[in-house]
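In: fold the following and give me the result.
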Amino acid sequence: MSSTSASVAAKEKDTPVLTVDCDVHSHLRDGLSDLVPYMSLAWQKRLGAGQAEGWSKDMYASSFSIPKNVLYVNPVGVMRRDALPEDGSVPASDPAMVRTQLLDEFEIDRAVLIGGNTLGLGALPDADLAAVIASAYNDHMTEHWLEFDERFRGALVVAPQDPEQAVAEIERVGDRAGMVQVFLPLMNVLMGDRHYYPIYAAAAERGLPISVHPNSADGIFAKAPALAGGIFTYYIEWHTALTQIFQSNVISLTCHGVFERFPELRLIVAEGGFAWLPDVMWRLDKDWHSVRDEVPWLKRPPSEYILDHVKFTTQPFVESSDPDHVRNICEIIDADRTLLYSSDYPHWDFDNPRRALAVLPETTRARIGGGTAVELYGERIL
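Out: As a prediction, the model looks like this:
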């Protein structure tokens, strides 16, 4: 048994067995207008919020929004049809329905909530407004979700545009019961840039992993992360290409020595794929052996930093007509310590926990299904 396997086995003896879904998208029932009560009166006035009665209804910006996909149309929709509540409200906006349809139905012990309404926050031009939305969302999530069922856990969202305000939000909310990670909506600055260092320091100090996720605004808005090659025509092109962003950011974090500077920092790539990881690690290690003088702060092969510091959620899980292909990828990336189960509920490409990992050995399924998450989050997830 390798030293890594022995370490994993030793930890498992004292680790509770939980099933943890690391990417569930809760939504606001009435969009961002639900956040207005959590904003100061000054911000409500600035947004023209609340002026929605009588003749003034259509003259104010009470339906303010943040950037999201307005170019690419998914013909089957982005939500599970059976997740639509009977009253026609937004899927995953009712915690009681999520509890019944996801937690109870699939015996999920913990569900980490990444707010579906805040994904494109990093592409918002106004840094102050982005910070206000983030704070309001965190308070709304606490009241309506974390206090509703003890199985819900939160990814507190911060606005990346202004690191100082992001740090203040981590300090304000980071120790709140039920918060397990920091959700960092991405923008058009790669994650290895020093711009983010104060955010990383604040998260690492509290033992909070940083999570990233496709933003829906990627490759569409000027301040959103760019996609290589130009503008795509079809949804299928755009959606497939989103993994570019996470490859670029993992490379950036590694080469800039972020994990050497912040040894306690952990990153979670949610819904960003993982089958690309072997190629990226091999290429990084090959180049590092030849040009390591360019990045003297890297004291180990780049792949070791990635395997030690980065986790990847499983959805959409790799599917192949040959199960050995999947098992080989999982072996290369040491899936027992790098993969976290996720369903992506309530999205159209939901992964059923009873089927998605079926081709893997039982011990690996147990690690991905919850063992690694418990080690990552510690007491916060229990």
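In: and H289, how far from R300?
Out: Using CB to CB, to the nearest Å, H289 is found at 12 Å from R300. (Each C-beta comes from the backbone N, C-alpha and C, glycine too.)
In: so those two - more neighbours on which side?
Out: Neighbour count, other CB atoms under 10 Å: between H289 and R300, R300 has more, with 12 against 9.
In: mind checking the SS state of that one?
Out: coil (DSSP: H, G, I helix; E, B strand; the rest coil).
In: distance of it from C255?
Out: R300 is 13 Å from C255, where distance means CB to CB.
In: which residues of this structure fall in strands?
Out: For the chain, the strands defined by DSSP state E cover 20-24, 110-113, 152-157, 179-183, 210-212, 267-269, 310-313, 339-340.
In: to D349, which of those strands lies closest?
Out: For the strands of the chain, proximity to D349 was assessed by CB to CB; strand 20-24 is nearest, at 11.5 Å.
In: who's in contact with that closest one?
Out: Applying CB atoms under 8 Å, 6 or more residues apart in numbering, the contact partners of strand 20-24 are 92, 98, 102, 106, 108-114, 213, 268, 270-271, 313, 315, 340-345, 353, 369-370, 373-374, 377, 381.
In: coming back round to it: would you mind giving the strands of the chain as CSV with mean neighbour count, mean pLDDT and distance to S65 added?
Out: Compiled in CSV, these are given as follows (neighbours: other CB atoms under 10 Å; pLDDT from 0 to 100; distance: least, CB to CB, whole Å):
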stretch, mean neighbour count, mean pLDDT, distance to S65
strand 20-24, 28, 97, 22
strand 110-113, 25, 98, 20
strand 152-157, 26, 98, 16
strand 179-183, 25, 98, 18
strand 210-212, 25, 98, 21
strand 267-269, 25, 98, 26
strand 310-313, 24, 98, 26
strand 339-340, 27, 98, 30
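In: between those strands, which one is closest to L146.
Out: Closest among the strands of the chain, using CB to CB: strand 152-157, at 5.4 Å.
In: off-centre distance for the closest one?
Out: Put simply, strand 152-157 sits 10 Å off its chain's centre (CA atoms, centre = their mean, to the nearest Å).
In: quick check: angle from that strand to strand 20-24?
Out: Angle of strand 152-157 versus strand 20-24, following axes from the mean of the first three to the mean of the last three CA atoms, to 10 degrees, is 40 degrees.
In: S89 versus R29, what's the distance?
Out: In this view, R29 and S89 are 5 Å apart by CB to CB.
In: filter the contacts of strand 20-24 to the buried ones?
Out: Using 16 or more other CB atoms under 10 Å as the burial test, the contacts of strand 20-24 include 92, 98, 102, 108-114, 213, 268, 270-271, 313, 315, 340-345, 353, 369-370, 373-374, 377, 381 as buried.
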